[in-house]
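Undergrad: A predicted structure for the sequence below; I have some questions about it.
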Amino acid sequence: MASAHDRAVLQAIFNPTSPFGDIPGLNQEEELIDDDSGFDTELLEQVKEFEMRGVSAAESGDLHTALEQFSQAIQTLPQRAAAYNNRAQALRLQGDTAGALEDLGCAITLSGGTGRTACQALVQRGLLRRLACHTDEARADFEKAAALGSEFARQQAVALNPYAALCNKMLSEVVNKLRNPEVSQM
């Protein structure tokens, strides 16, 4: 049976873009939850209803209604991060990237950088920053989301780290030369 170190080496060889020691299956995403316990139960139920209506409207293509519903949720309970995250998506779909980034920042701040909403907002902000060619800021967001358990964010952070990919590629080439010495001399 292979040790964890042996599996890490094999992972680096066969997947040169992944960070050394990163073994699939060992880094399972945890089910993140948001702590809504500090909110008034009645207001929280109202806000969740606004959010559900907003999601339904967005899914049917009615972004105007979706934005109204998410804004109503924010007005009702402005300290809750999830509505900002949801409105950011509707703003993004409408083409308002600046507004989406602002709402994602609010969601991250209000969530304290923890929980499901923070993880989603960090990934979404990272994607918007990556599209805008703000690579360092995008990588920082992906790294934070990866630390919260997002496998997608981890993959994005690795893809944006040219040094890790280069080192792993070089390691793969060395191992291939060791395996097939006569092929590498031709």
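TA: Yes, it's here.
Undergrad: rest of the way, CA atoms for contacts and neighbours
TA: Will do.
Undergrad: residue closest to the middle of this protein?
TA: In the chain, the centroid-proximal residue (Cα atoms, centre = their mean) is V123; its distance is 2.7 Å.
Undergrad: Quick one: residues contacting G99.
TA: 88, 91-92 (Cα atoms under 8 Å, 6 or more residues apart in numbering).
Undergrad: Mind doing that once more with 7 Å?
TA: For G99, the contacting residues are 88, 91, by Cα atoms under 7 Å, 6 or more residues apart in numbering.
Undergrad: Give me the buried stretch members for the helix or strand containing it, please.
TA: Per DSSP states H and E, G99 falls inside helix 97-111. Using 16 or more other Cα atoms under 10 Å as the test for burial, helix 97-111 gives 97, 99-101, 103-108, 110-111.
Undergrad: got it, and stretch 149-165?
TA: 149-151, 153-161, 164-165.
Undergrad: List just the nearest of those residues to H134.
TA: L160 (10.8 Å; Cα to Cα).
Undergrad: What helix or strand is the residue nearest to the centre of the chain located in?
TA: According to DSSP H and E, V123 maps onto helix 115-131.
Undergrad: tell me the angle whichever helix or strand comes after that helix makes with helix 115-131.
TA: Sequence order places helix 135-147 as the next helix or strand after helix 115-131, per DSSP H and E. Helix 135-147 and helix 115-131 are oriented at 160 degrees to each other (axes from the mean of the first three to the mean of the last three Cα atoms, to 10 degrees).
Undergrad: who touches stretch 34-41?
TA: With Cα under 7 Å, 6+ apart, stretch 34-41 has contacts from 115-117.
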